[in-house]
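> Generate coordinates for the sequence data below:
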Amino acid sequence: MSTPSNLEKTRNIGIMAHIDAGKTTTTERILFYTGKVHRIGEVDDGAATMDWMQQERERGITITSAAITCNWKNHRINIIDTPGHVDFTAEVERSLRVLDGAVAIFCAVGGVEPQSETVWRQADKYHIPRIAYINKMDRVGADFNHVLRMLRERLSARPVPIQLPIGSSDSFTGIIDLIRMKAVHYDDAALGTTWQEAEIPEAYAEMATSLHHDLLETLSDFDDAVMEKYLSGEDVPLEAIHRALRSGTLKAAIVPVLCGSSVKNRGVQPLLDAVVAYLPSPLDVPDVEGVNPYTEKIEHRKPSVDEPFSALAFKIMTDPFVGKLTYFRVYSGAIEVGETALNSSTEKKERLSKILLMSANKREEIQRIAAGDIAAAVGLRNTRTGDTLCDPKHPLMLEKMQFPVPVIAIAIEPKSKADQDRMTASLQALAEEDPTFEYHVDAETGQMIISGMGELHLEILVDRLLRDFRVQANVGKPQVAYRETITEPVTSEIKFVKQTGGKGQYAHVVIEVAPSEEGKIFEFHSRVNGMQVPQQFIRPVEQGLKEAMVSGVIAGYPIIDIKATLVDGSFHDVDSTELAFKIAGSMALQDAVRRGKPILMEPVMDLEVVTPDDYFGAILSDLAVRRAKIENHYKRRDVQVIAAQAPMSEMFGYATALRNMSQGRAIFTLQFKNYQIVSDEVSKKLLQKMGLAV
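Modelled structure (predicted):
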């Protein structure tokens with residue numbers, strides 16, 4: 001049972017970073033030192049506990065977020081290890097939504113890399129307290145101070161070092177604890193399970209003393225006792241330092257910074273100590289807030305078993321042994337196996353036939369789950385990512401999750417009739433798991449089109465389809481997921497009247513349609529009263545508008561970034577129906593888009609290229625050909641960094657092209673930024689390529 005005492009000793013944390021910063025390696029050490037596993041699983045050997053999918057082990061990357069629970073110094077730590085590749089940003093997004101704190105891992109050589117920035121901003125959005133761990137201090141080129149500068153400059157963070165590395169690269173031998181002012185050296189032969197403390201080496205004494213004073217000065221802002229002792233020149237007690245560090249971290253005002261080398265088993269135990277000491281428990285975060293779907297009033301729930309049950313489903317997985325698994329975070333109350341919860345998002349009741357405590361892909365059945373815990377349920381048929389589960393007698397709807405739209409698509413065709421049926425069911429299962437994956441049948445060609453966030457994302461999805469779901473299929477080339485929008489506001493008046501001898505159909509709507517803010521895919525408002533259009537017909541109008549957005553008027557691409565307002569209309573006492581108003585809404589949108597000067601929009605990506613000087617000119621020339629806009633380029637030690645925006649359509653095969661230009665020495669990262677207007681010249685070429693009249 002969750003009580004205030006054990007909730008205080010619970011930590012729900014995420015491990016987040018750029019790809020190859022060492023997230024999974026660090027998590028494996030955490031599991032080893034906490035006694036969760038008795039043998040360290042290595043990513044390079046394909047034996048990592050958290051990377052359990054075959055596709056993860058083959059590629060040596062994290063694809064899906066994995067949850068596991070371990071214990072450290074009488075504290076229960078629920079960990080979610082998240083992916084670092086930009087194609088799987090949604091996995092990070094939905095994990096951070098339900099976590100209380102996070103460990104941000106940075107490579108001591110690469111520092112703050114593009115995906116590091118992305119996940120940091122995601123954590124900012126949810127106001128998540130963080131600690132930073134500078135990993136890979138054993139690598140050539142490791143620079144602790146440079147990473148600190150990048151944290152300040154690129155993330156606008158306030159890093160507070162509580163450790164200092166002793167040496168770097170091959171000379172990295174240990175760390176200096178800036179709180180206790182002691183040097184720590186690890187025993188490599190014992191896999192870092194034992195260590196020796198010593199006085200700080202003379203070469204580091206001055207720097208350590210200076211950083212210790214900087215630490216106390218910073219903490220003076222968060223604790224009066226620290227300020228009083230520091231200003232009077234007295235020794236500050238360790239308890240006061242820890243208390244001030246925790247206070248500043250919980251406010252997300254500072255970021256404690258630690259360092260180490262996870263692969264060399266140095267620095268992970270102090271990281272665990274920091275998680276327990278400085279990151280929040282469920283009692284330290286604000287009460288969860290939601291809306292009562294029936295009264296539309298805002299309500300709060302405290303993290304207590306005495307409150308009504310409320311939980312958020314944040315992840316769906318298909319398990320080959322137990323079927324559909326729904327991961328959920330409990331914010332208040334408790335629920336037992338066999339009990340029924342209300343899905344307030346769908347207004348359907350769900351019975352929990354099993355509750356499982358997950359350890360990556362291993363399962364442990366439990367009978368009860370309570371506030372502050374994360375688990376998975378079996379038997380939830382109608383629950384999707386972002387849905388709220390709650391006590392049927394006390395309904396509550398928590399804030400929904402928002403995910404980016406897919407930017408790349410491919411055609412996929414089953415090889416036989418049997419594969420056709422299996423493919424439809426498999427695509428539905430994959431779409432339930434991944435909110436950034438979509439599929440539909442092309443109305444003109446009859447082909448199945450699947451869409452995702454990038455080439456790797458689609459490659460993994462297709463691989464799972466062929467291997468995990470055993471669907472035999474032919475796969476086409478990637479295609480860009482273009483969109484359409486309007487550039488001018490338009491008022492559309494539609495009367496839908498149909499007489500068939502008996503009861504007819506009648507609907508009359510006047511709708512203003514205008515461009516909306518970037519990223520606001522669709523907004524709907526109503527300014528009519530019941531004398532113009534009765535309340536029961538307003539929702540069907542909105543549904544009709546949404547359905548019409550599926551296909552635009554230029555090339556049939558979905559319509560985005562519009563707002564529609566129902567401003568007038570009329571109805572018939574007998575002939576008006578919900579269907580009639582739905583059709584009228586659909587017709588009004590199509591009419592408005594045709595007259596609103598529609599344009600094509602294309603997905604544009606944020607691109608960062610890191611290259612040796614020798615290839616800088618060739619890479620810039622190639623990017624110009626690809627319609628890339630160079631935003632910045634600068635020197636970082638012995639390499640050049642190019643920051644640019646580039647159309648997704650021009651970036652297919654860029655990995656191979658860059659490898660050829662730089663003899664394999666340059667690297668790049670690519671992530672979706674937004675949709676931007678396609679120029680007239682490019683639009684004409686695109687439409688000609690499609691065989692459409694220009």
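> Every contact and neighbour count from this point should use C-alpha atoms.
Will do.
> those strands in the stretch 401-550 of the chain, which residues are they?
408-414, 438-441, 448-452, 473-480, 483-486, 490-498, 505-515, 522-526 (DSSP state E, counting those that start in this stretch).
> Tabulate those strands in TSV, adding columns for distance to Asp306, mean pLDDT and mean neighbour count.
What follows is these, written out as TSV (distance: least, CA to CA, whole Å; pLDDT from 0 to 100; neighbours: other CA atoms under 10 Å):
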stretch	distance to Asp306	mean pLDDT	mean neighbour count
strand 408-414	47	84	20
strand 438-441	40	86	16
strand 448-452	42	85	22
strand 473-480	51	81	15
strand 483-486	48	92	26
strand 490-498	53	93	18
strand 505-515	47	94	23
strand 522-526	38	91	16
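> Which of the residues in stretch 364-374 are classified as buried?
Using 16 or more other CA atoms under 10 Å as the test for burial, stretch 364-374 gives 368-374.
> Off-centre distance for that stretch?
Distance of stretch 364-374 from its chain centroid, counting by CA atoms, centre = their mean, to the nearest Å, is 24 Å.
> Repeat that for stretch 595-608.
On CA atoms, centre = their mean, the centre of stretch 595-608 falls 23 Å from the chain's centre.
> Could you do stretch 471-489 as well?
22 Å.
> low pLDDT regions in the stretch 251-400 of the chain?
Residues of the stretch 251-400 of the chain that meet the criterion pLDDT under 70 lie in 320, 360-361.
> before we move on, the earlier item: closest to Glu681 out of the strands of the stretch 401-550 of the chain?
When those are compared by CA to CA, strand 483-486 sits nearest Glu681, at 16.2 Å.
> Greatest separation within the buried residues of stretch 364-374: which pair is it?
Distance extremes for the buried residues of stretch 364-374: the farthest pair is Arg368 and Gly372 at 12.4 Å, using CA to CA.
> which regions of the protein sit below the pLDDT cut-off?
Using pLDDT under 70, the chain drops low at 1-5, 41-65, 84-89, 320, 360-361, 443-445, 500-502, 690, 692-694.
> Any idea which residue is closest to the centre of it?
The chain has Glu93 as the residue nearest its centroid, 2.0 Å off, counting by CA atoms, centre = their mean.
> how many neighbours does the closest residue in space to that residue that isn't next to it in sequence have?
Nearest residue to Glu93, sequence neighbours excluded (CA to CA, 6 or more residues apart in numbering): Gln122, at 6.6 Å. Neighbours of Gln122 under the rule other CA atoms under 10 Å: 18.
> Surely Gln122 is within a helix?
Yes. Counting by DSSP: H, G, I helix; E, B strand; the rest coil, Gln122 falls inside a helix.
> Any figure for the gap between it and Ser232?
As defined by CA to CA, to the nearest Å, Gln122 lies at a distance of 41 Å from Ser232.
> want to try JSON lines for the buried residues of stretch 364-374, with distance to Leu600 and secondary structure as columns?
Formatted as JSON lines, the buried residues of stretch 364-374 follow (distance: CA to CA, whole Å; DSSP: H, G, I helix; E, B strand; the rest coil):
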{"residue": "Arg368", "distance to Leu600": "52", "secondary structure": "strand"}
{"residue": "Ile369", "distance to Leu600": "49", "secondary structure": "strand"}
{"residue": "Ala370", "distance to Leu600": "49", "secondary structure": "strand"}
{"residue": "Ala371", "distance to Leu600": "48", "secondary structure": "coil"}
{"residue": "Gly372", "distance to Leu600": "46", "secondary structure": "coil"}
{"residue": "Asp373", "distance to Leu600": "46", "secondary structure": "coil"}
{"residue": "Ile374", "distance to Leu600": "43", "secondary structure": "strand"}
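> Can I get those in JSON lines including distance to Ala592?
Shown next, in JSON lines, are the buried residues of stretch 364-374 (distance: CA to CA, whole Å):
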{"residue": "Arg368", "distance to Ala592": "53"}
{"residue": "Ile369", "distance to Ala592": "51"}
{"residue": "Ala370", "distance to Ala592": "51"}
{"residue": "Ala371", "distance to Ala592": "49"}
{"residue": "Gly372", "distance to Ala592": "49"}
{"residue": "Asp373", "distance to Ala592": "49"}
{"residue": "Ile374", "distance to Ala592": "47"}
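> Sweet, I'm off.
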